[in-house]
Structures are given as C-alpha cells and as structure tokens.
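[1] generate a structure from the sequence data that follows.
(one chain, ligands or ions: 1)
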Amino acid sequence: MPDSQQSRWSRYLNHAETKLRKRLRIGHSLKELEPELAEKELFFKAPPLTPDLLKAIKLISPQFLLRSNEVSRRFWELNQNGLSWGEFMALEPYLRQLGTPSAVLDIGPGLGRSTIFLKKANNWQDVPFHLYESTGDSTKYTKAGPRFDDSFCGNLSALESLLIFNEIENYQIFDAADLDSKLAGLPGPYDFIYSFFAVGFHWSIYHFLDEILELMSDRAIGAFTLHDRFTDYDGLSHLPHRVVEFRRSWPRDRVSKMLILAKTEAALGGEGCK
Ligand SMILES: C[S@@+](CC[C@H](N)C(=O)[O-])C[C@H]1O[C@@H](n2cnc3c(N)ncnc32)[C@H](O)[C@@H]1O
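    Numbers count the residues shown, from 1 in each chain. Predicted coordinates:
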C-alpha cells in the first residue's frame, strides 16, 4: 500500500479508536498521541492522578476521559508536554528575537503546564512568572465568544501543587477574584504575555486587548491560541501581528493557530519572522 494511503488508514483507525473509547467510556490509550510530540524531552511531569486532581482536570479539560491509573497519568503527562512542545516550536523564532524576558504573564494557566514547560525549556527559572487564574466550580467555555466575570474554572491549590511537584521557582499566583476579574491590577509591565486555550480561544481576544496592551512593555510579545471560529483578523490590522500554526499532540494530526502580537514590528523580528 502506498505510504500516503497507509497513513490515511492509520489516521482513520486512530480516530475510530478514540471515538469508540469515548463511547464505551474507556480511558485514553497512549497510541492516541502524536508520536513525534509525545516522544520529545519531558519538561512537564504529572504526579499520580488523585480524585482531587482528576476533578480539577475535568473542570479545566472536560474533553479528557481520565482514570486514577498509570496509563491515564502518563497520557495526561505526555499530552501536556507534547502540546507545549508544539506551541514552543511555533514560538521559538519570536522567543529567540525577544531574548530573556524581565517578567512573564501566563493568563489562565489552568494547572500550569505552560509555565512549567517554558521555564524549563528556556532555562528561565530566574525569570519571574505571574499566573492569573481563579478557582471555579463550573466550566463556561465558549468558542471565541464573549467575556464573563465568572468564567474561571481553575483550582489554585492544585495549580500550586503542580508547580511545586515540578520544582518551579520564581512565580506568583494572582487570584483574579481579588482583582475583580480584571487584568489591570497586575503589576506589569511584562516582556512576554501569553494565554493558551483561554483568552483568544474560549473568549475573544478583543474583550481583553486594551488591558493586555497596557501590561506589555515596548519590546514585549504576546501569544494567544486562536479558536478556529475566530475570523475577525481585520480588527487586528492596527497592530503588528502574525498568525502561526502549531501541531497538537492530541487528537493526532490536529493543527491549531496562535496569534503573536507586539507593539512594534521590530519586536516581531521584522520580515524575518513570518
Ligand atoms: C482550557 S483552560 C487552559 C488552561 C491552560 N492555559 C492550558 O493551556 O493548559 C482555560 C483556562 O482559562 C481560565 N479562565 C477562565 N476565565 C478566564 C478569564 N476571564 N481570563 C483568563 N483566564 C480565564 C480558566 O479558569 C481555565 O483555567
């Protein structure tokens, strides 16, 4: 069988297996992960999936069917790490241009995978990271939709435990509930601000843009996962920006988009980073 036909078949079988597992409510298999991303160096490490941690994951990532066993723990670990690798590879030219940031803001970190990954992958343990999140008890995800004050579904104590488990240093967690769910009370400026699968993805970037720009230093870059439903690129035309693609580790063969923006073209590396 020709290679392309074989890979189409293997993709089809893979999707069929994922669907069947979902229907039968069987936990994930490691075979569902994109091997090239899942096999990369492990920066994010997952502890055993206790009932409390499973509950926190379920609120933030309702799409997963995880169990309190080693296969689920490994699946979650490899997926969190693999997804972060996909994002990192797309971001790398911009981070190289930026150099070491003086401070970083992670908006909606969930359980902290990106802070953990970026600190370790870039050797940024000394760089202060601020994490803006709140504990919630329901999930209110839209697709690039409106902004709500009560959309937080994180768990601050689980987030802190994950950061400690991964031996992360120099970070501060800001409870959005103490800031009236606004970003304005954060002690910027930041050289790097990002929000993965949160602002830009579930809630349109436009509802946050003014507050984010206010927190960005002149040399800063911002990176935001975009939802497939996001279409209003014209609204960004007044700002230097790029839209880049990155591969996801689950489901296999899935590609998503990330918006990279700055206050100047120079911060984006000029023509080189396109
Ligand atoms: C799908 S999770 C993404 C978590 C993490 N960034 C990741 O990629 O693994 C969305 C996160 O956005 C957070 N969130 C909800 N409302 C928010 C808001 N108004 N501003 C920032 N983050 C918010 C949620 O609490 C949740 O942790």
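[2] which stretches in the stretch 1-150 of the chain count as helices?
    3-23, 35-38, 51-60, 70-98, 113-121 (DSSP state H, counting those that start in this stretch).
[3] model confidence over the second one, on average?
    Looking at helix 35-38 alone, the average pLDDT works out to 95.
[4] that helix packs against which elements?
    helix 70-98 (3 or more C-beta pairs under 8 Å, 6 or more residues apart in numbering; DSSP states H and E). (C-beta placed from N, C-alpha, C; glycine too.)
[5] residues in contact with Ile107?
    Listed by C-beta atoms under 8 Å, 6 or more residues apart in numbering, the contact set of Ile107 reads Tyr132, Leu183, Ile193, Tyr194, Ser195, Ala198, Val199, Phe208, Ile212.
[6] one more time with 6 Å, if that's ok
    Contacts for Ile107 (C-beta atoms under 6 Å, 6 or more residues apart in numbering) come out as Tyr132, Ser195, Val199.
[7] the last one bridge partners, please.
    Beta bridges link Val199 to Trp203 when assigned by DSSP bridges.
[8] hang on, the earlier thing: and the helices of the stretch 1-150 of the chain, which is most packed in?
    Among the helices of the stretch 1-150 of the chain, ranked by average contacts under mean count of other C-beta atoms under 10 Å, first place goes to helix 113-121 (a mean of 23).
[9] that helix close to the ligand?
    Yes: counting by C-beta under 6 Å from any ligand atom, the ligand has neighbours in helix 113-121: Arg113, Ser114.
[10] begin at 368, not 1, for the rest of this chat.
    I'll keep to 368 as the first residue from here, and by that count the last item is helix 480-488.
[11] and Lys507, backbone torsions?
    Lys507 adopts backbone torsions of phi -120, psi 70, taken as degrees, to the nearest 10.
[12] tell me, how many residues neighbour it?
    By the criterion of other C-beta atoms under 10 Å, Lys507 has 13 neighbours.
[13] for the chain, just list every one of the strands.
    471-474, 496-500, 538-542, 557-562, 583-593, 608-614, 622-629 (DSSP state E).
[14] closest to the ligand out of those strands?
    Nearest of these to the ligand, taken as C-beta to the nearest ligand atom: strand 471-474 at 4.9 Å.
[15] can you list the strands that that closest one pairs with?
    Counting by DSSP bridges, strand 471-474 is paired with strand 496-500 (parallel), strand 557-562 (parallel).
[16] looking at the helices of the stretch 368-517 of the chain, which is closest to Ser623?
    helix 437-465 (8.1 Å; C-beta to C-beta).
[17] near the ligand, which residues of the protein?
    The chain comes close to the ligand at residues 427, 474-477, 480-481, 500, 503, 514, 518-521, 548, 563-566, 570, as judged by C-beta under 6 Å from any ligand atom.
[18] which of the residues you listed count as buried?
    427, 474-477, 480-481, 500, 503, 518-521, 548, 563-566, 570 (16 or more other C-beta atoms under 10 Å).
[19] out of the strands of the chain, nearest to Leu404?
    Taking the strands of the chain one by one with C-beta to C-beta, strand 608-614 is closest: 6.4 Å.
[20] give the pairing partners of that closest one; include direction for each.
    With DSSP bridges as the criterion, the sheet partners recorded for strand 608-614 are strand 622-629 (antiparallel).
[21] where's stretch 581-601 relative to the chain centroid, distance-wise?
    13 Å (C-alpha atoms, centre = their mean, to the nearest Å).
[22] give the buried residues for that stretch.
    Buried residues in stretch 581-601 (16+ other C-beta under 10 Å): 582-584, 586-594, 597.
[23] could you work out the end-to-end span of that stretch for me?
    In stretch 581-601, first residue to last residue: 21 Å (C-alpha to C-alpha, to the nearest Å).
[24] could the contacts of Ile474 go into CSV alongside pLDDT and distance to Thr631?
    CSV is the format used below for the contacts of Ile474 (pLDDT from 0 to 100; distance: C-beta to C-beta, whole Å):
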residue, pLDDT, distance to Thr631
Tyr499, 98, 24
Ser562, 98, 21
Val566, 97, 22
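[25] so where's the chain uncertain?
    368-371, 373, 638-641 (pLDDT under 70).
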